[in-house]
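# got a sequence here, can you build the structure:
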Amino acid sequence: MPLHKLEHFDPNYRETFGGDDLRALELYTGGGDRVGSVADVLVDDHGHFRYLVIDTSSDFLGKKILLPIGLSRIDYTARRVYVDGLSRQQIEGLVEYREDMVVDHDYEENVRTVFRSPNSGVTYDQNTYNYETEPALYGLNNQDNQTFKLYEERLIASKKRIKTGEVTVGKHIETDTASVTVPIQKERVIIERVVPTEAGKTVDSSELKFQEGEVARIEVYEETPEIRKEAFVREEIRVKKVVESDTVEAESTIRREELDVDTEGNLQVQEHGTTTHDAI
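Got it, this is the predicted structure:
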């Protein structure tokens, strides 16, 4: 896993740590001897502290070294980092760290070898090694660097579609009685008996023709209405959906945890802000 300088990994790291700057702290042994200052911090891809870059040039050795984070006790109040059990001989035996170098697996193992206990039982394998196998080197001291989290609830807004109803469009048939007026014609026969203009005049016997049976035929016609039905488009119906936007405001009671500090005796407790960094 590659390592990154703190400022490259988190350009706003000072805000992350509530204004504290690790790179401004001085390094002291448990006996109170100043052995250098913190020049930088190396973190892994997850932001976990792995090494402090210690600058000893202003003290006695004139070089920079890497110190596994688990060997340190950070005291922001005193502006110091304490290292228990670190001797000048160990520092002299550490390989030098340079700004332009790549910290690879072999380099890290050389650093670990100086600090690793002979009875640690750790067998180094580049393919399987991880920092959690050596908490003495990479785990923060639980007594001097206690970390816990304060939780706070917040409202999360999301949306989901629910069915609020449906509209069914259908057809039905209604019946009604309609009427229409159709003019028709009927023929009828009128027989009139009139007095002849030559009434009383003798008819010549040669012109006289008596006959029986049909003497005239008149055809009589009558119109009858023919009623039929035809269909036509009376109205056209279009059905569609439209989306209307609205804003709904919701409120709920949320909780958050606040810090309560109880002290006994004549102590001074100084808070430096809130940090949520995983490594501290």
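
# drop to CA atoms for contacts and neighbour counts, all remaining ones
Will do.

# confidence score at Gln143?
Reported pLDDT at Gln143 in the predicted model: 42.

# please begin residue numbering at 9 from this point
Renumbered: residue one is now 9, and that last one reads Gln151.

# just to be sure, Asp48 is in a strand?
Yes. The assignment for Asp48 is a strand, going by DSSP: H, G, I helix; E, B strand; the rest coil.

# give the bridge partners for the residue lying closest to it once chain neighbours are set aside, please.
The spatially closest residue to Asp48, leaving aside those adjacent along the chain, is Val61, at 4.9 Å (CA to CA, 6 or more residues apart in numbering). Here Val61 sits in beta bridges with Asp48, Leu74, as judged by DSSP bridges.

# shouldn't Val61 be in contact with Leu75?
Yes. Shown here, Val61 and Leu75 form a contact pair, counting by CA atoms under 8 Å, at 6.4 Å.

# so where's the stretch 9-158 of the chain uncertain?
9, 24-28, 65-69, 92-93, 148-158 (pLDDT under 70).

# ok, which stretches of it are strands?
Counting by DSSP state E, counting those that start in this stretch, the segments of the stretch 9-158 of the chain that form strands are 12-13, 34-37, 42-51, 57-63, 72-76, 80-83, 88-91.

# for the second one, name the packing helices and strands.
When contacts are defined as 3 or more CA pairs under 8 Å, 6 or more residues apart in numbering; DSSP states H and E, strand 34-37 sits against strand 42-51, strand 88-91.

# possible to save these as CSV with mean neighbour count?
Output for the helices and strands packed on strand 34-37, formatted as CSV (neighbours: other CA atoms under 10 Å):
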stretch, mean neighbour count
strand 42-51, 22
strand 88-91, 22
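
# could you dump the ones you listed into TSV with distance to Arg31 added?
Formatted as TSV, the entries for those read as follows, by distance: least, CA to CA, whole Å:
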stretch	distance to Arg31
strand 42-51	5
strand 88-91	10
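
# nearest to Val177 among those would be which one?
Between Val177 and the helices and strands packed on strand 34-37, the shortest gap by CA to CA is with strand 42-51, which sits at 66.3 Å.

# in this structure, which residue is most central in space?
Ser166 (8.5 Å; CA atoms, centre = their mean).

# how close does the nearest residue to Ser45 once chain neighbours are set aside get to Ser80?
On the basis of CA to CA, 6+ apart, the spatially nearest residue to Ser45 that is not a chain neighbour turns out to be Glu34, at 4.1 Å. Shown here: Glu34 relative to Ser80, a distance of 12 Å by CA to CA, to the nearest Å.

# over to Val250?
In terms of CA to CA, Val250 sits 65 Å off from Ser80.

# now swap in Phe240 and tell me
Phe240 is 95 Å from Ser80, where distance means CA to CA.

# more neighbours: these two, which one.
Ser80 (26 against 5; other CA atoms under 10 Å).

# list the contacts of the residue nearest to that one when sequence neighbours are not counted.
Take Ser80 and drop its neighbours on the chain: the residue closest to it by CA to CA, 6+ apart is Val91, 4.8 Å away. For Val91, the contacting residues are Leu35, Tyr36, Thr37, Gly38, Leu79, Ser80, Arg81, taking CA atoms under 8 Å, 6 or more residues apart in numbering as the criterion.

# export those to a markdown table and tack on distance to Glu206?
Supplementary listing: those in a markdown table, determined by distance: CA to CA, whole Å:
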| residue | distance to Glu206 |
| --- | --- |
| Leu35 | 165 |
| Tyr36 | 168 |
| Thr37 | 170 |
| Gly38 | 171 |
| Leu79 | 162 |
| Ser80 | 161 |
| Arg81 | 161 |
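
# which one of those is nearest Tyr137?
The shortest gap between Tyr137 and any of the contacts of Val91 belongs to Leu79, at 19.0 Å (CA to CA).

# and the closest one, how many neighbours?
Under the neighbour criterion other CA under 10 Å, Leu79 is assigned a count of 23.

# so it sits right up against Arg124, yeah?
No. Using CA under 8 Å, Leu79 is not in contact with Arg124; the gap is 10.7 Å.
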